[in-house]
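let's see this in three dimensions:
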Amino acid sequence: MFFDSWTSLLRVVVVGTLAYVALVVLLRISGKRTLAKLNAFDLIVTVALGSTLATVLLNRSVSLAEGIVAFVLLAGLQYLVAFLSVRWSGFDALVKSEPTLLLHRGRFLDVALRDQRVTREEVASALRASGVANVEDAAAVVLETDGSLSVVPRAAAGDGALSVLDGVRNPEASSR
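Have a look, this model is predicted:
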């Protein structure tokens, strides 16, 4: 239970080191986007890479070569999805969710909060983390495609239209 053999420990050290080096090299070649969490697909790839590394390390029935092929496959699929998303807006809409406005000009958008399953308390937490003391001092809070909350302070927005909100879904504006 606590110790099988020195050979199994040596395998973990050797295969783990080689798999780690292979993964680092692949990530350097494939670029920053491979580990970005810009959308759900990117997050899935990041988690899958970690899971694959753990499997290669601890499962004797999975060879180092199989693990490296799995790394390359995941990075390649992520590259393909990002490549197609940049070049074809229909594909982009298929694999990515759109950002959603949750608070606008100091007013909670209850329809959006309910649709996105976000509480007022979670929005208030994002406001506090951004240094906004009062809800009225926020021009907007957006639920981004990666699940994070972005805060645009009213002072930064001025009196005009918020160009950073172009492309952000506002459920209340579309229901009018």
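
how about low-confidence regions in the chain?
Regions of the chain meeting the criterion pLDDT under 70 cover residues 37, 156-162, 174-176.

domain ranges for the chain?
6-94, 100-174 (automatic domain parsing).

gap between residue 151 and residue 164?
Remark: distance between residue 151 and residue 164 (CB to CB, to the nearest Å) = 11 Å. The C-beta positions use only the backbone N, C-alpha and C, and glycine is treated the same way.

between these two, which contacts overlap?
Any residue near both residue 151 and residue 164 by CB atoms under 8 Å, 6 or more residues apart in numbering counts here, and that gives residue 140.

and the two? Which one has more around it.
When residue 151 is set against residue 164 and neighbours are counted by other CB atoms under 10 Å, the residue ahead is residue 151, at 20 against 15.

buried set for the helix or strand harbouring the more buried one?
Using DSSP states H and E, residue 151 sits within strand 149-153. Buried residues in strand 149-153, counted by 16 or more other CB atoms under 10 Å: 149, 151, 152.

going along the chain, name the helices of the chain.
In chain order, the chain shows helices spanning 6-30, 40-58, 64-87, 89-95, 110-116, 120-129, 154-157, 171-174, with DSSP state H as the criterion.

just give me the neighbour total for the residue lying closest to residue 120 once chain neighbours are set aside.
In space, not counting the residues next to it along the chain, residue 120 is nearest to residue 108; the distance is 5.9 Å by CB to CB, 6 or more residues apart in numbering. As a burial measure, the neighbour count of residue 108 was computed by other CB under 10 Å and equals 16.

which ones are touching residue 108?
With contacts defined as CB under 8 Å, 6+ apart, the neighbours of residue 108 are 102, 120, 123, 135.

from those residues, keep the buried residues only.
A residue is treated as buried here by neighbour count (16+ other CB under 10 Å); on that basis the buried members of the contacts of residue 108 are 102, 123.

Serialize the contacts of residue 108 to CSV and add fields for distance to residue 35.
CSV is the format used below for the contacts of residue 108 (distance: CB to CB, whole Å):
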residue, distance to residue 35
102, 27
120, 32
123, 28
135, 34
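
which two of the contacts of residue 108 have the greatest separation?
By the measure CB to CB, 102 and 135 form the most distant pair in those, at 11.3 Å.

isn't residue 116 right up against residue 100?
Yes. Residue 116 lies in contact with residue 100 (CB atoms under 8 Å); the separation is 5.5 Å.

who has more neighbours out of those two?
Counted by other CB under 10 Å, residue 116 and residue 100 do not tie: residue 100 has more neighbours, with 20 against 17.
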